[in-house]
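In: Below is the structure, and that's it, no one-letter string:
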């Protein structure tokens, strides 16, 4: 039975031509050339080894600063800020967070409405961590990325660090009060309540209606209640709002109490 490195050696020419070569095609090729049937996992590992043999591995983080510098040179005005682990070895700083915002996005934000949506997602694959992002909408109503950050975890510290960079490098010249739309993550709430540049009257915070409805639907399965939840959060007409609230209270008073207690102001914003 061939090992993954044997498979890699046999498929090097194909990987050199097509790095996206499918695993099923590798299995077929090995069966035809070596007269053996290999598992999907072993074929996948063979492909990974072949890619590493040609292009190298991603283990050398020392190359990351060079990549970032090239990114900045190709995108004038791009801002990058590093936060290194406080317990890094002397002379060998270990990256903990990195923030970046492309120059064109920073410039374009001056022409956009002062509404920002922030969120985070898990990184998949060999290296774990979280990707934080801030987006807005341009005057043509298209979603426009503003800033990103790679962090180890979504914590109060990493979120506050992200918001500090966002204010310093992206929104600092905004003349209007900024509306931040997000889920109810504790780190975001802490940043909005405690960072002076993000507290009222400079900015205000509202919860994303999509996240609210998702949490609401986890507790209340009724399609009618979910429809009313969306109507209550999205309508701008007082009469429709009162009618939807009255209908929800008739269907389930507990559901309305849950929804009403999410935000003291009673205002919910749809995600941008």
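Out: Arrived safely. Keep in mind that this is a model prediction, so the values were computed, not measured. Numbers count the residues shown, from 1 in each chain.

In: Which secondary structure state is assigned to the nearest residue to residue 26 once chain neighbours are set aside?
Out: Closest residue to residue 26 apart from its sequence neighbours, by CB to CB, 6 or more residues apart in numbering: residue 43 at 4.5 Å. Every residue, glycine included, has its C-beta placed from N, CA and C. At residue 43 the chain is in helix, as set by DSSP: H, G, I helix; E, B strand; the rest coil.

In: For residue 43, give its distance to residue 151.
Out: Computed as CB to CB, to the nearest Å, the residue 43 to residue 151 distance reads 34 Å.

In: which residues are in contact with stretch 250-258?
Out: 216, 219, 220, 222, 224, 225, 228, 245, 248, 249 (CB atoms under 8 Å, 6 or more residues apart in numbering).

In: Just flag the most distant two among these.
Out: Maximum pairwise distance in these, criterion CB to CB, is 17.6 Å, between 219 and 245.

In: Where does pLDDT dip in this structure?
Out: Within the chain, the ranges that satisfy pLDDT under 70 run 56-62, 88-89, 125-127, 263-272.

In: got the residue ranges for the helices in it?
Out: For the chain, the helices defined by DSSP state H cover 4-17, 23-34, 40-55, 64-74, 103-108, 156-169, 186-194, 209-219, 223-234, 238-251, 253-260.

In: how close does the residue nearest in space to the middle of the chain get to residue 151?
Out: Centroid-nearest residue in the chain, with CA atoms, centre = their mean: residue 120, separated by 3.6 Å. Distance of residue 120 to residue 151, computed by CB to CB: 8 Å.

In: just residue 208 next, same as before
Out: With distances taken as CB to CB, residue 208 is found 20 Å from residue 151.

In: can you check residue 72 too?
Out: From residue 72 to residue 151 the distance is 20 Å (CB to CB).

In: So these two - more neighbours on which side?
Out: Legend: neighbour count by other CB atoms under 10 Å for residue 72 and residue 151, higher for residue 151 (23 against 16).

In: how many other residues sit next to the closest residue in space to that one that isn't next to it in sequence?
Out: In space, and not counting its chain neighbours, residue 151 is closest to residue 158: 4.1 Å by CB to CB, 6+ apart. Residues lying near residue 158 (other CB under 10 Å) number 22.

In: which residues touch residue 158?
Out: Residue 158 neighbours (CB under 8 Å, 6+ apart): 97, 130, 132, 149, 151, 152, 187.

In: What subset of those is buried?
Out: 97, 130, 132, 149, 151, 187 (16 or more other CB atoms under 10 Å).

In: re the thing from before, where's the residue nearest to residue 26 relative to residue 106, distance?
Out: From residue 43 to residue 106 the distance is 45 Å (CB to CB).

In: the more surrounded of these two?
Out: Neighbours were counted for residue 43 and for residue 106 using other CB under 10 Å; residue 43 has more, 23 against 19.

In: pretty sure that one contacts residue 23?
Out: Yes: judged on CB atoms under 8 Å, residue 43 makes contact with residue 23 at a distance of 4.9 Å.

In: tell me how far stretch 16-31 is from the chain's mean position?
Out: Relative to the chain's own centre, stretch 16-31 is displaced by 32 Å; criterion: CA atoms, centre = their mean, to the nearest Å.

In: got the buried residues for it?
Out: For stretch 16-31, by 16+ other CB under 10 Å, it's 21, 23, 26, 27, 29, 30.

In: Before I go, just wanted to say thanks for your time.
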